[in-house]
Each structure stands twice: as C-alpha cells, then as structure tokens.
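Participant: structure for this input, please:
(one chain, ligands or ions: 1)
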Amino acid sequence: MMTMDAQPDWQSWCAGLNGKTTVTGVFGWPVEHSLSPPMHNAAFAALGLNWAYVPFPVQPEELRAAIAGVRALGIRGVNVTIPHKSAVIEFLDELDDVAATLEAANTIDVCDGRLTGYNTDGPGFVASMREIGWSAAGRAVTIIGAGGSSRAVAAAVLREQAGRLSIINRTPAKAEALALLLSSGQAAQITTAGLAAAHAEEWVREAEIVVDCTSVGMYPHVDVAPVVPAGWLHEGQLVCDLTYNPRHTVLLKVAQQRGAETLDGTGMLVHQGAIAFEQWTGQPAPIEIMRQALLNALQQRPA
Ligand code: NAP
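Facilitator: Numbers count the residues shown, from 1 in each chain. Prediction:
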C-alpha cells in the first residue's frame, strides 16, 4: 500500500489488470477530457485494490445500450457526466432522495444486479466548503447560475439548512424554475432574479456565501469580465467558483482583491469522486491522493 504523500504509479497499476479486476468508469460524450480516471485509478492503486476506472465515450442515443452493458459486463459502478445526468434516470432501478429531487444522477452503484442512482455533486461541494471551515447552515447564500451544477449546489445548501437562498441567473425564468423544483418541503426561503436586476446586487452584497455556478471564466475564455462586478464582493464573504480550469478564475482573483475568502472548483470535484469511491468500495477514499492526481492532470492541460 502507498503512503498518503507518495504518488502511486497508477499507469503501471493499470498494466496489471487481470481476470479478477473490478471495473468502474464514467459515461460521457465527449469523455476524453474527464479528470475522473486519474483520480480514481490513483485511489485504487494507493489502497492496493485490483480495481480499474475506465472512460467510456457513450453517445446520447447509445445510453440505454450502455446501461444494459453495465449489467451484462458486471461493471461495479459508473459515474455519469454531461450530457447523460438527467437522461440516465429512466434506465435505473432506484434513486436516492437527492437524485430523485434533482432528476439527475452522476453516480450509479450496482448491487445484486440493481442499479441505484446517486447525485454526489452537491454533497461534494458541501464537503469542499467544510474542508476550509465553512458551512451553509444558517447563512445567507447566493448562487449565480441555474444550470446542472446550480441545481446540485442549491439542493445541498438547502439540506444544510441555509438561512436564506437566492438564485441569480442571466435567464431569470431558469432561476424561477429551479426555485420551484427545490421549494417543495423546504423551510428556507428561495428568492430569484435576473443578473441584470436590481436585486442581484443586493443579494450578492448581503450574501455570506456566494457560489458562481456559471461557466463564465472557464478555459479558454479566461480573460472575460467576472460574472458580477468586483464592487459587489467584500471581506467576510466566502466566494466560490465551481470552475476548475483555471483554478484561479477571474471571479476568484477579484474576490481576493476585495478581501473575500475564496474556494475553487477542485475540492468539489475531488469530493464528489471520493463519495462515489466510498459507495463502490466501502473504504474511506484517500482524499489527498485523489486531489494530487487531479492537480497533476490539470497541470498537463492548457490553462
Ligand atoms: P450548465 O448547466 O450549462 O449551466 C451554465 C450556467 O451558466 C447557466 O446558468 C447559464 O445561464 C450560465 N452562463 C453561461 N454563460 C454565461 C454568461 N456569459 N453570463 C452569465 N451567465 C452565463 O453548466 P454546469 O454543468 O452547471 O457547469 C457550470 C460550471 O460549473 C462549469 O464551469 C463547469 O465546469 C463547472 N462544474 C464544476 C464541477 C466541479 O466538480 N467543480 C461540477 C459541475 C460543473 P443561462 O441559463 O442564462 O444560459
């Protein structure tokens, strides 16, 4: 077994695959840029598990057949990424509460031939905040964006009992639809606005935690204006950006200049993977090994 600070040579580990290897992987289209294979294979190698994690390019029209293949091939579990997170739901036997609420799954666990869908994105985000000493509990949270990642993050901060949640989006109708999806059974009040609305500034300024769930500032469009003006951010806030390439987005740079604490998207990526790893293997995930494998893989990318 590897020590936690040593980087396992997971490529040579994969060369040792044999008839007893347990297979996991990720379904996406495209999938060649996925950072999950290095993270998971490094974790398997570190724990001395005869497991492998394979990227599977699955075209949208082949998703049903690919899921049938999971059963037929005895695959232990898969992650599901863009564009399959919602479409996969109809092919699964069960969903956990989060995946059912969000109508989207990013992790499938196979047990006794039954496929259960989970959504580990939101819990991964919460774990990444916890790692730096923050929790949404009782706090005023403002989320910018209303796409897939916003759904997951919004549901997670509500489960953490956020004191107030505002969702701001370029297209206001999508923020309203998300609030509607999430509002059933939740005590927290959810307010919504367009990015250009007067309330947007008020809710970003008043937020203790601001989470950018848009793709603004993502590679290769790194030199754009931040999704909200720098003047809306201030000391005492935590400003998070889910984008992980680059890690230090234009928003995080201006937030730091304004004295806010910042959190980039790598922690969420590591923790959503770690939760899936633990679900499949029943073992604690080697978080630091996974993080280092992710950062190494990111360093090899243009940024
Ligand atoms: P998505 O479903 O396509 O949603 C994109 C969101 O960005 C929408 O709300 C969209 O607004 C908004 N947007 C796009 N361009 C904009 C612009 N120029 N100005 C203002 N708003 C804009 O994407 P997603 O899957 O949620 O992903 C969003 C980001 O999160 C990406 O950078 C992705 O890499 C990152 N992410 C990170 C993790 C992680 O583990 N760290 C996980 C998932 C996603 P409209 O509704 O108006 O179009």
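Participant: past the strand or helix carrying Ala45, which element shows up next along the chain?
Facilitator: Using DSSP states H and E, Ala45 sits in helix 36-47. As assigned by DSSP H and E, the chain's next helix or strand after helix 36-47 is strand 51-57.
Participant: the helix holding Ala45 vs the ligand: in contact?
Facilitator: No: against the ligand, helix 36-47 shows no contacts by C-beta under 6 Å from any ligand atom, the least distance being 10.0 Å. From N, CA and C alone the C-beta is placed, and that goes for glycine too.
Participant: how many neighbours does the residue in the chain that the ligand sits nearest to have?
Facilitator: Nearest residue of the chain to the ligand (C-beta to the nearest ligand atom) works out as Gly147 at 2.0 Å. Applying other C-beta atoms under 10 Å, we find 14 residues neighbouring Gly147.
Participant: okay, the closest residue to it other than its chain neighbours: pLDDT?
Facilitator: Nearest non-adjacent residue to Gly147, counting by C-beta to C-beta, 6 or more residues apart in numbering: Cys213, 6.6 Å away. Here the pLDDT value assigned to Cys213 is 97.
Participant: residues contacting Cys213?
Facilitator: Residues counted as contacts of Cys213 (C-beta atoms under 8 Å, 6 or more residues apart in numbering) are Ile143, Ile144, Gly145, Ala146, Gly147, Ser149, Ser150, Val153, Leu242.
Participant: where does pLDDT dip in the stretch 151-300 of the chain?
Facilitator: The stretch 151-300 of the chain contains residues with pLDDT under 70 at 185-188.
Participant: in it, which spans are strands?
Facilitator: Listed in chain order, the strands found in the stretch 151-300 of the chain under DSSP state E, counting those that start in this stretch are 164-169, 190-194, 209-212, 238-241, 261-263.
Participant: how far does stretch 247-267 sit from the chain's center?
Facilitator: Here stretch 247-267 is found 17 Å from its chain centre; the criterion is C-alpha atoms, centre = their mean, to the nearest Å.
Participant: so how many other residues sit close to the spatially closest residue to Asn245 that is not a sequence neighbour?
Facilitator: Nearest-residue entry for Asn245: Tyr219, 4.7 Å, with adjacent residues in sequence omitted and distances by C-beta to C-beta, 6+ apart. Using other C-beta under 10 Å, the number of residues around Tyr219 comes to 14.
Participant: any idea how far Ala225 is from Tyr219?
Facilitator: Plainly put, Tyr219 is 16 Å away from Ala225 if you go by C-beta to C-beta, to the nearest Å.
Participant: can you report how many residues lie near Glu288?
Facilitator: Neighbour tally, Glu288, other C-beta under 10 Å: 12.
Participant: repeat that for Glu206.
Facilitator: Around Glu206 there are 13 residues (other C-beta under 10 Å).
Participant: again with Arg130
Facilitator: Arg130: 14 neighbours (other C-beta under 10 Å).
Participant: read off the pLDDT value for it.
Facilitator: 98.
Participant: shouldn't it be within a helix?
Facilitator: Yes: Arg130 sits within a helix when classified using DSSP: H, G, I helix; E, B strand; the rest coil.
Participant: distance of it relative to Pro38?
Facilitator: From Arg130 to Pro38 the distance is 24 Å (C-beta to C-beta).
Participant: now do Ala173 against Ala193, distance only.
Facilitator: On the measure of C-beta to C-beta, Ala173 and Ala193 end up 11 Å apart.
Participant: comparing the two, which residue is more hemmed in?
Facilitator: Taking other C-beta under 10 Å, Ala173 and Ala193 do not tie; Ala193 has more neighbours (21 against 11).
Participant: name all residues that make contact with the more buried one.
Facilitator: Per C-beta under 8 Å, 6+ apart, neighbours of Ala193: Ser166, Ile167, Ile168, Pro172, Ala175, His199, Ala200, Trp203.
Participant: how close does the nearest residue to it once chain neighbours are set aside get to Pro226?
Facilitator: Excluding the flanking residues, the one nearest Ala193 by C-beta to C-beta, 6+ apart is His199, at 4.2 Å. Counting by C-beta to C-beta, the gap from His199 to Pro226 is 19 Å.
Participant: wait, what's in contact with Ile190?
Facilitator: Here Ile190 is in contact with Ala154, Leu158, Leu165, Ser166, Ile167, Ala179, Leu182, Ser183 (C-beta under 8 Å, 6+ apart).
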